[in-house]
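> heads up, no residue letters with this:
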Ligand SMILES: Nc1nc2c(ncn2[C@@H]2O[C@H](COP(=O)(O)OP(=O)(O)OP(=O)(O)O)[C@@H](O)[C@H]2O)c(=O)[nH]1
Ligand SMILES: [Mg+2]
């Protein structure tokens, strides 16, 4: 197993980075990233939750900013999982196929609403013979990405099984689920529309958000992972606020000037992330 971290050193400095080297400019998220299609999306809102915005403004996000959110990427062999992750983390594309053996991971750092936040992205092998190694790493996923090849309908059909395998190792309703169609550059026009329509249908069954991407051209790769990071971050902050001793959380800017905000137990807060508003 080869595990390595990716540190974005020497890139442009962000506005506020208390820990470690600065994140690169294109990992700074200031407004809530949009979905790919409203027909299969987890949340149809355009802004951060108001309590999250307030907490971020006051630098009162608790441990959420220090956490690594675990993202697990699964799907058939050859669909392009490694290529997708390498396009995001290294901005490269390799046309030669090198099968992933077992698992690998990358850490990608973001700054969301002024708070540092990292995704730990687990790349798993699609080959059957490595499945038992890879499945040992499914536990504790906050985000599940099920990938398929837009040009190969069989790989789409297999995503349900991949999802079930990961969900078996995680608490029901605790994960954000994404269905991602890869190799978008190989399809266009009616063929692309047809493949996407089938995927959107399945995404709704899986309670997943749908995205089409291309690791080759880079199309939608940053936008997709920004969306993943923002949803995971928001959930982490809300969970942190809810965990505090009383239902009232103190929000301050560190100089003793405290504001009290209510953390109501709303339906929205209780709803599992996979059951968004659409
Ligand atoms: N045209 C095109 N080819 C791609 C794209 N993404 C991946 N590929 C190619 O598809 C092949 C498989 O890609 P990988 O990323 O290695 O696939 P994988 O899902 O990680 O495979 P396993 O590790 O065996 O599970 C490689 O030859 C890639 O160059 C893409 O967006 N467009
Ligand atoms: Mg791979």
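Right, received. Where do you want to start? As the structure is a computational prediction, the values presented were derived from the model and not from experiment. Numbering: from 1, shown residues only. Ligands and ions are numbered 1, 2, ... in the order given.

> can you list the weak-confidence ranges in the stretch 51-200 of the chain?
For the stretch 51-200 of the chain, the stretches with pLDDT under 70 are 65.

> quick one: name the residues of this structure near ligand 2.
81, 82, 100 (Cβ under 5 Å from the ion). Every C-beta, even on glycine, is put in place using the N, C-alpha and C of the backbone.

> redo that, cut-off 6 Å
81, 82, 100, 123 (Cβ under 6 Å from the ion).

> ok, which of these also contact ligand 1?
With Cβ under 6 Å from any ligand atom as the criterion, the residues of the chain next to ligand 2 include 81, 82, 100 near ligand 1.

> in helices only, show me those.
81, 82 (DSSP state H).

> let's have the ones next to ligand 1 among the residues of the chain next to ligand 2 in JSON lines, adding neighbour count.
Formatted as JSON lines, these follow (neighbours: other Cβ atoms under 10 Å):
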{"residue": "81", "neighbour count": "27"}
{"residue": "82", "neighbour count": "22"}
{"residue": "100", "neighbour count": "20"}
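
> returning to what we had before: the residues of the chain next to ligand 2: which two are farthest apart?
Across the residues of the chain next to ligand 2, no pair lies farther apart than 81 and 100, at 7.2 Å, counting by Cβ to Cβ.

> just to revisit the earlier point, nearest to residue 177 among the ones next to ligand 1 among the residues of the chain next to ligand 2?
residue 81 (15.4 Å).

> you'd agree residue 33 is up against residue 230?
Yes. Residue 33 is within contact range of residue 230, at 5.1 Å (criterion: Cβ atoms under 8 Å).

> for these two, work out which one has more neighbours and name it.
Shown here are residue 33 and residue 230; by other Cβ atoms under 10 Å, residue 230 has more neighbours (22 against 17).

> how much space between that one and residue 180?
From residue 230 over to residue 180 the distance is 16 Å, taken as Cβ to Cβ, to the nearest Å.

> so where do the strands sit in the protein?
28-29, 68-74, 103-112, 115-124, 143-149, 176-182, 209-212, 248-252, 258-262 (DSSP state E).

> go through the protein and flag its longest helix.
The chain, longest helix under DSSP H: helix 221-243.

> could you measure from residue 173 over to residue 187?
Taken as Cβ to Cβ, the span from residue 173 to residue 187 is 33 Å.

> so those two - more neighbours on which side?
Counted by other Cβ under 10 Å, residue 173 and residue 187 do not tie: residue 187 has more neighbours, with 19 against 13.

> so what's the more buried one closest to, chain neighbours aside?
In this structure, residue 187 finds its nearest non-sequential neighbour in residue 150, 5.3 Å apart by Cβ to Cβ, 6 or more residues apart in numbering.

> what's the burial count for the closest residue to residue 74 other than its chain neighbours?
Spatial nearest neighbour of residue 74, chain neighbours left out: residue 162 (4.3 Å); criterion: Cβ to Cβ, 6+ apart. For residue 162, the neighbour count with other Cβ under 10 Å is 23.

> now, among the ones next to ligand 1 among the residues of the chain next to ligand 2, which is nearest to residue 236?
For these, with residue 236 as the reference and Cβ to Cβ as the criterion, the closest is residue 81, at 23.9 Å.

> wait, the closest one sits on residue 74?
Yes. Taking Cβ under 8 Å as the definition, residue 81 is a contact partner of residue 74 at 7.5 Å.

> mind listing the shared neighbours of the two?
When contacts are counted by Cβ atoms under 8 Å, 6 or more residues apart in numbering, the set common to residue 81 and residue 74 consists of 124, 126, 147.

> now for the residue lying closest to the second one once chain neighbours are set aside: which residues touch it?
For residue 126, the nearest residue in space outside its immediate sequence neighbours is residue 77; the separation is 3.3 Å by Cβ to Cβ, 6+ apart. The neighbours of residue 77, taking Cβ under 8 Å, 6+ apart as the test, are 99, 125, 126, 127.

> in contact with the most centrally placed residue in the chain, which residues?
Centroid check for the chain by Cα atoms, centre = their mean gives residue 228 as the closest residue, at 2.8 Å. Residues in contact with residue 228 (Cβ under 8 Å, 6+ apart) are 71, 119, 143, 145, 176, 178.
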